[in-house]
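Asks: return atomic coordinates for the entry below.
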Amino acid sequence: MRRVYLYPIGMISLFLLAACVLPGAERAGQTTGAGDYAAFCAGCHGPGGKGDGEMAAGLPQRPADLTQLAARNGGTFPTTRVMAQIWGYTGGRDGGRVMPQFSALLDGALVPYDGGDGIMTPTPIRLVELAEHLKTLQN
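Replies: Numbers count the residues shown, from 1 in each chain. Got it, this is the predicted structure:
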């Protein structure tokens, strides 16, 4: 008799859990790397990452062609360097920085992430998602 009651409860619990993790089951306000790229990066770097965004012409320095990051690094995407640039750790020559800092990408949950250096580092999830999106733009 006890099994009869546990089975429906177990099945309901399983479906509720699945709804939380199914692909495409997005929560309201959930961000993605592609969405953050469109919001924060595409204006300068362009929708495809070639450095040809709408705002690029008005900048003192042409934005980087993000599609060539791996090619310029011997075929390996330089994840840690890219994340440091976005985060704002690299200040450029003489501390001058053309690219603004994006504090919104640093807020929120931290996840352990290995950027390719073998070290699991607590990293803002939005920064990880953006770096992973940039990998998909490589030629």
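Asks: use CA for all of it now, contacts and neighbours both
Replies: OK.
Asks: where in this protein is pLDDT low?
Replies: 1-29, 89-98 (pLDDT under 70).
Asks: switch the cut-off to 90
Replies: Scanning the chain for pLDDT under 90 picks out 1-31, 60-61, 80-81, 83-108, 114-119.
Asks: where do the helices sit along it?
Replies: Using DSSP state H, the helices of the chain run over residues 2-21, 33-36, 42-45, 79-87, 125-136.
Asks: with only the CA atoms kept, save stretch 65-85 in CSV.
Replies: The C-alpha trace of stretch 65-85 is given here as CSV (Å, rounded to 0.1, in the frame of the first residue of the first chain):
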residue,chain,number,x,y,z
ASP,A,65,38.4,41.5,-34.5
LEU,A,66,37.2,39.0,-32.0
THR,A,67,36.9,36.3,-34.7
GLN,A,68,40.7,36.0,-34.8
LEU,A,69,41.6,35.6,-31.2
ALA,A,70,42.3,31.9,-31.4
ALA,A,71,44.2,32.3,-34.7
ARG,A,72,46.4,35.0,-33.2
ASN,A,73,47.1,32.6,-30.3
GLY,A,74,48.4,29.6,-32.2
GLY,A,75,44.9,28.2,-32.7
THR,A,76,44.0,28.1,-29.0
PHE,A,77,41.4,30.5,-27.7
PRO,A,78,43.1,32.6,-24.9
THR,A,79,40.2,32.3,-22.5
THR,A,80,42.0,33.7,-19.4
ARG,A,81,43.4,36.7,-21.3
VAL,A,82,40.0,37.4,-22.8
MET,A,83,38.3,37.3,-19.5
ALA,A,84,40.9,39.5,-17.9
GLN,A,85,40.4,42.1,-20.7
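Asks: what's the local residue count around Glu132?
Replies: When neighbours are defined as other C-alpha atoms under 10 Å, Glu132 has 17 of them.
Asks: could you find the closest non-adjacent residue to it?
Replies: Of all residues not flanking Glu132 in the chain, Gly33 sits nearest, at 7.0 Å (C-alpha to C-alpha, 6 or more residues apart in numbering).
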